[in-house]
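[1] Sequence and predicted model, in that order:
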Amino acid sequence: MTAEPERQGTLPFLVAQEDASAWEGIRCPGITPAWGQIQFLARQILLRLRVIRFRWSRPCLWVLFTGGTGTGKSTLFNALCGASLSETGVERPKTAGSIAFVHRSISVEEGFPFEAMAFRRVSVESVPVSGQSGVPGTLTLVEHDREMFRHCVIVDTPDVDSVELRNRQAVEDLYLLAHVVIFVVSQEKYADDVPYRFLARILADEKPLFLVLNKANKLETSREVFASLEAQGLALDGQRFHAFPLVSPDPALALVTMDSFRDLREIFLGVVSRGEAEKIIGEEENRAARTLCAEIRRLLSLLQGEEAAAAHWKEQLDLFFQEACRNLVEAQQQHFAEGTREALQKEIRRHFSKYDLLRTPRRVVARIVRTPLELLGLLENPSTDSHRDELMRIRRRIDLVPVKAALEKFNREVLEKLSPGDPSAPLYAGLRDPSVVLTGEEVKERVLEDQERLVQWLEETFSELAKGIPKTKEWGIYSASILWGGLILSLEAAIGGGITVLEAVLDTAIAPFVTKGAVELFAYQELQKVARELGRRYQDGLLSTLRMQRDRYAACVERLLASQEALRHLKTLERNLCSVSKAHRANGIRPEP
């Protein structure tokens, strides 16, 4: 067998094999109602592209015989090919697998666009007199050496309404390859839903069509069928509508003797002649390019719709996140640990008590008051641990309940209000992936990390602030010590009522003590900075777990959106396809590379 040489050069959009990574990047979260069409369209576009590439590399005219069950399409196929190729008979169905009448020089196996289909080659001489039924899922290639069909691949397919899924899929696949379709109906089957819809599809695709009414009782029947189909909105070509009567006992033998069949055969041979075939192939390539271009535009529109919906989805996510943050801050303000206030006060006193000129009298008075209470067990002895140990002990006593409660409510709102209703939507499963939701251990680890950073910052800030206080005028320092005392009071009041109101407390509690002296103003300004930064850092750490959960949800949506590479690939493909179609319309010929 000598293979047909592949055409030199390729169309612009066929230069490279499809980029697997680009096609894998065509995906969506499933937020819009039309999301289900995206994967279908992507598969369809890729399949059509492979069909175009395959047909370009092997410029043969593909002729497809198809129709409903028991309409006699195999009998007509044998008669037009002039050989007993496909088995016929009264048992239904007869065609179990597709059978192609193909010249020995034509190789269709390499690069065939339908990977699930197998091949079997036989010579026309080896086919039984009764023909063959074919093999499901297999394209049987019956080789011949007839010059008139050298450039054609003529295929008999299973029934379009077959109960076998593989057979229906074979018809769908081979139809994409077809340049010409011979659709066979009977007076019993022409109005059936599946054959009717398939016929309507052929007409909508504008493929050259021969409509054959087989087994008609009388001439009036064929006219009635033609009129009925037209009345249902099908634009039929009367010149390519042919009717054959019901004959027995040997329909195949009787068919070839009919004048109506000879008329059909003459028209058919004219359509498949080499000159006419090249014209049909060019027109079909242009139509396929237009169809593919329209499908890519549709796909891009759907993907853009998903992208816009995802942006709105993330806006809604942020609203739920902000609400959760507000609720958590309010809850934490009400449950702020007493030990944290003591630790902060201890840090301030430790660094600034050396500037307090009244510290000795105050300690004496405090000791006189505390000693009997401690002896009676009413007061605990102050810890002798270092300030670092105190802060670390507070870290271990952190209450995670408010944080976990806020997270739980946030997660519940996301699933109830932002999850797609369709369980098959990718985002539905993505939001419920165990790796997306923070675990209790992750929450604890995150909170402790944030508190550790806050502790380090407090130590560093207080140390630096202590170094910055001028040690000059004694009464200026005394004023500053009153100021630091005000800070202690303000911190206690602020933390007790919420760290977010600290700055307001500073203004009301400390400002009255500040004079116009440089020392006092310096200290007050530093306190304001500390207060603002302390509030910001504490709140930021408090909300970091919620922020992490929000980011995981947002990342879940981002992962499911089409990649930029895929979008660029589709836009380039659409642009090149349109240029091919325009070139063909302008020149009226098949565009060469």
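    Cool, the structure landed.

[2] In which helix or strand does residue 540 reside?
    helix 518-560 (DSSP states H and E).

[3] now swap in residue 169 and tell me
    helix 165-177.

[4] which residues sit against that helix?
    Helix 165-177 is contacted by residues 47-48, 51, 54-55, 62, 64, 66, 96-98, 113-114, 116-117, 136-137, 139, 155, 157-162, 181 when judged by C-beta atoms under 8 Å, 6 or more residues apart in numbering. For every residue, glycine as well, the C-beta is placed using N, CA and C.

[5] Show the buried residues in these.
    Buried members of those, counted by 16 or more other C-beta atoms under 10 Å: 48, 51, 54-55, 62, 64, 66, 96-98, 113-114, 117, 136-137, 139, 155, 157-162, 181.

[6] and the residues you listed, which of them are in helices?
    Counted as lying in helices by DSSP state H, out of the buried ones among the contacts of helix 165-177, are 48, 51, 54, 55.

[7] And the closest residue to residue 66 other than its chain neighbours, its phi and psi?
    Once flanking residues are discounted, residue 66 sits nearest to residue 157: 4.8 Å by C-beta to C-beta, 6 or more residues apart in numbering. Note on residue 157: backbone dihedrals following degrees, to the nearest 10 are phi -110, psi 160.

[8] neighbours of residue 400, just the number please.
    15 (other C-beta atoms under 10 Å).

[9] same thing with the one 10 residues further on?
    Neighbour count of residue 410, defined by other C-beta under 10 Å: 23.

[10] now do residue 187
    19.

[11] That one: what's it in contact with?
    Residue 187 neighbours (C-beta under 8 Å, 6+ apart): 213, 215, 216, 217, 221, 225.

[12] Make a markdown table from the residues you listed and add neighbour count and distance to residue 577 to it.
    Shown next, in a markdown table, are the contacts of residue 187 (neighbours: other C-beta atoms under 10 Å; distance: C-beta to C-beta, whole Å):
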| residue | neighbour count | distance to residue 577 |
| --- | --- | --- |
| 213 | 25 | 37 |
| 215 | 22 | 42 |
| 216 | 19 | 42 |
| 217 | 10 | 48 |
| 221 | 16 | 44 |
| 225 | 20 | 38 |
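
[13] pull the longest helix from this protein.
    Longest helix in the chain, counting by DSSP H: helix 274-334.

[14] Give me the angle between that one and helix 165-177.
    120 degrees (axes from the mean of the first three to the mean of the last three C-alpha atoms, to 10 degrees).

[15] Give the rounded mean pLDDT of helix 274-334.
    For helix 274-334, mean pLDDT rounds to 92.

[16] which other helices and strands contact it?
    helix 36-57, strand 61-67, helix 259-271, helix 401-417, helix 518-560, helix 564-587 (3 or more C-beta pairs under 8 Å, 6 or more residues apart in numbering; DSSP states H and E).

[17] now the angle from it to helix 259-271?
    With the same axes, to 10 degrees applied, the angle from helix 274-334 to helix 259-271 works out at 70 degrees.

[18] Tell me, domain by domain, which residues of the protein belong where.
    Domain assignment for the chain by automatic domain parsing gives 61-272, 307-357+385-561.

[19] export the ones you listed to CSV and tack on distance to residue 573?
    Below are these laid out as CSV (distance: least, C-beta to C-beta, whole Å):
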stretch, distance to residue 573
domain 61-272, 16
domain 307-357+385-561, 19
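
[20] of all those domains, which lies closest to residue 288?
    Comparing the domains of the chain against residue 288 with C-beta to C-beta, the closest turns out to be domain 61-272 (8.6 Å).

[21] okay, how far is it across that closest one, tip to tip?
    With C-alpha to C-alpha, to the nearest Å as the measure, domain 61-272 spans 7 Å from end to end.
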